[in-house]
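Undergrad: Just a sequence and a predicted model for now, questions to come.
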Amino acid sequence: MNDKPTKKPPNAGNGRPKGALNKENKALREMILQALDEQPGGGVGYLKIQASENPNAFMTLLGKVLPTTLAGDPNSPIKHVARIELVAMSGNG
């Protein structure tokens with residue numbers, strides 16, 4: 001039995017950096033985006049059609065995209081303002 005520790009490469013076990021796509025996911029994403037760009041009217045035109053003809057699917061897509069969009073810019077954070085309005089009621093009611 002050999003009790004010598006085996007030497008590992010310096011980056012062993014680190015894996016891909018956070019957010020990095022593997023080759024298959026990257027290739028698939030590129031194909032999808034290319035197909036979207038090649039639609040009549042381009043990607044924006046196609047998405048406009050889908051928004052009116054398939055609103056459920058479009059809203060699902062929007063729900064997946066918005067959370068990443070709303071992450072915001074750390075130098076310009078999103079501000080939320082809530083306002084409560086008090087309205088006097090008439091005595092005739």
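TA: The structure has been received and is ready for your questions. Note that the structure is a prediction, hence the values are computed from the model and not measured.

Undergrad: which residues sit against the least confident helix or strand in the chain by mean pLDDT?
TA: Sorting the helices and strands of the chain by mean pLDDT, DSSP states H and E puts helix 55-69 at the bottom, at a mean of 82. Helix 55-69 is touched from outside by 47, 50-51, with contacts defined as CB atoms under 8 Å, 6 or more residues apart in numbering. To be clear about C-beta, it is placed using only N, CA and C from the backbone, and glycine gets the same treatment.

Undergrad: same deal with stretch 38-53?
TA: Looking at what lies outside stretch 38-53 - CB under 8 Å, 6+ apart - the contacts are 33, 36-37, 57-58, 61.

Undergrad: Please check those residues and keep the buried ones.
TA: F58 (16 or more other CB atoms under 10 Å).

Undergrad: a markdown table for the contacts of stretch 38-53, including distance to G19?
TA: Converted to a markdown table, the contacts of stretch 38-53 look like this (distance: CB to CB, whole Å):
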| residue | distance to G19 |
| --- | --- |
| L33 | 17 |
| L36 | 21 |
| D37 | 23 |
| A57 | 26 |
| F58 | 26 |
| L61 | 20 |
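
Undergrad: Out of the contacts of stretch 38-53, the closest to K26 would be?
TA: L33 (10.8 Å; CB to CB).

Undergrad: Identify the residue nearest the closest one in space, chain neighbours excluded?
TA: When the adjacent residues along the chain are set aside, L33 lies closest to G43, with 7.9 Å between them (CB to CB, 6 or more residues apart in numbering).

Undergrad: Run the angle between the helix or strand where the one you found lies and helix 55-69 for me.
TA: Assigned by DSSP states H and E, G43 falls within helix 42-53. On the basis of axes from the mean of the first three to the mean of the last three CA atoms, to 10 degrees, helix 42-53 is oriented at 130 degrees to helix 55-69.
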